[in-house]
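Enquirer: got a structure for you, letters missing:
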């Protein structure tokens, strides 16, 4: 098999910076979701959120890339990737957040790097080295410490199992958006997959409405609720999705996914800015995570991972 190009130092630095920005924006959605879930049910909230996100990104994409490029876009592949991957993944994340505790959700999120690396090994023929595996372990430990998770306190059940499956489909979609939508800008890749995710969520919402299943209650829509919804839809999904796809394009899904484990730390900073308290264990976890990223990327060890067999 032909060898792939390695990630250069400057490109890697830019990729990590983009991923940090994506995760900070993504983290802004969690406190907003906590507020919204007090009156909303997850199926309706997920559908409204993703419709709003698509309504923001589609006009921006058309303005940036032009209508001609949009018409020539691989809509079939884009909608399938977005529907199966991001549509399922975003809905599952919200359902898990509404049904389980923070400990279980944190452990589910910590599975993302493992899922991403497994996909790269199976689908891309990546070679694993000792340094990379050590980095993965440090990232997982850092993510768990940062979230305050305790294995003894976790409630593993159907919700946790579904959530772990969700990390795999999300990792697959992130990789597929970059690998299987060639010739598109990162903005186009993010938008077309988000449109697919919108279609999936609307289908699920319609089925729940037709059969009268629980989960479709619409919450309070006062000024504060609308502000939280805008933050949840635009910052937590639409804009963060653009930077996320760009980060995956620069780093690969394996390395980019490491940044997801820092989300609890970013959430803590946001809560602190809103008047909450500082948590030194979360800070320690974030530091361990950062060391793990450096170890995994370090010199020849990281180049070994990036070179296909």
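Expert: Cool, the structure landed. Just so we're clear, the structure is a prediction, and the values are computed from it rather than from any experiment.
Enquirer: For this protein, which residues score under the pLDDT cut-off?
Expert: Under the criterion pLDDT under 70, the flagged ranges of the chain are 1-9, 100-110, 143, 146-160, 297-309.
Enquirer: just checking, what packs against the longest helix anywhere in it?
Expert: For the chain, the helix reaching the highest residue count under DSSP state H is reported as helix 9-36. Packed against helix 9-36, as judged by 3 or more C-beta pairs under 8 Å, 6 or more residues apart in numbering; DSSP states H and E, are the following elements: helix 88-99, helix 223-230, helix 240-251, helix 253-257, helix 263-273. For every residue, glycine as well, the C-beta is placed using N, CA and C.
Enquirer: what secondary structure does residue 278 sit in?
Expert: Residue 278 carries the three-state label coil when classified by DSSP: H, G, I helix; E, B strand; the rest coil.
Enquirer: Give me the nearest residue to it, chain neighbours excluded.
Expert: Sequence neighbours aside, residue 272 is the residue nearest to residue 278 in space, at 5.8 Å (criterion: C-beta to C-beta, 6 or more residues apart in numbering).
Enquirer: For the one you found, the count of nearby residues, please.
Expert: 13 (other C-beta atoms under 10 Å).
Enquirer: One more: the one 3 residues further on?
Expert: Summarising burial for residue 275: neighbours were counted as other C-beta under 10 Å, giving 6.
Enquirer: and the gap between it and residue 31?
Expert: 12 Å (C-beta to C-beta, to the nearest Å).
Enquirer: same deal with residue 260?
Expert: Distance from residue 260 to residue 31, by C-beta to C-beta: 17 Å.
Enquirer: For those two, indicate the residue with more neighbours.
Expert: Neighbour tally, residue 260 and residue 31, criterion other C-beta under 10 Å: the higher count belongs to residue 260, 26 against 18.
Enquirer: So the residue nearest to residue 278 is in contact with residue 283, correct?
Expert: No. Assessed by C-beta atoms under 8 Å, residue 272 is found out of contact with residue 283, at 10.5 Å.
Enquirer: anything in contact with each of these two?
Expert: Common neighbours of residue 272 and residue 283, using C-beta atoms under 8 Å, 6 or more residues apart in numbering, do not exist here.
Enquirer: Just say which of the helices and strands packed on helix 9-36 is most tucked in.
Expert: Comparing these by mean neighbour count (mean count of other C-beta atoms under 10 Å), helix 253-257 ranks first with a mean of 28.
Enquirer: from the middle of its chain, how far away would it be?
Expert: Here helix 253-257 is found 10 Å from its chain centre; the criterion is C-alpha atoms, centre = their mean, to the nearest Å.
Enquirer: For it, which helices and strands make contact with it?
Expert: helix 9-36, helix 112-124, helix 158-179, helix 240-251, helix 280-297.
Enquirer: Can you give me the buried ones in the helix or strand just after the first one?
Expert: The element immediately downstream of helix 9-36 (helix or strand, assigned by DSSP states H and E) is helix 42-65. Neighbour-count burial for helix 42-65, counted by 16 or more other C-beta atoms under 10 Å, picks out 42-50, 52-54, 56-58, 61, 65.
Enquirer: Beyond helix 42-65, next helix or strand please.
Expert: Downstream of helix 42-65 (by DSSP H and E), the next one is helix 67-72.
Enquirer: roughly how far out does that following helix sit from the chain middle?
Expert: Between the centre of helix 67-72 and the centre of its chain there are 27 Å (C-alpha atoms, centre = their mean).
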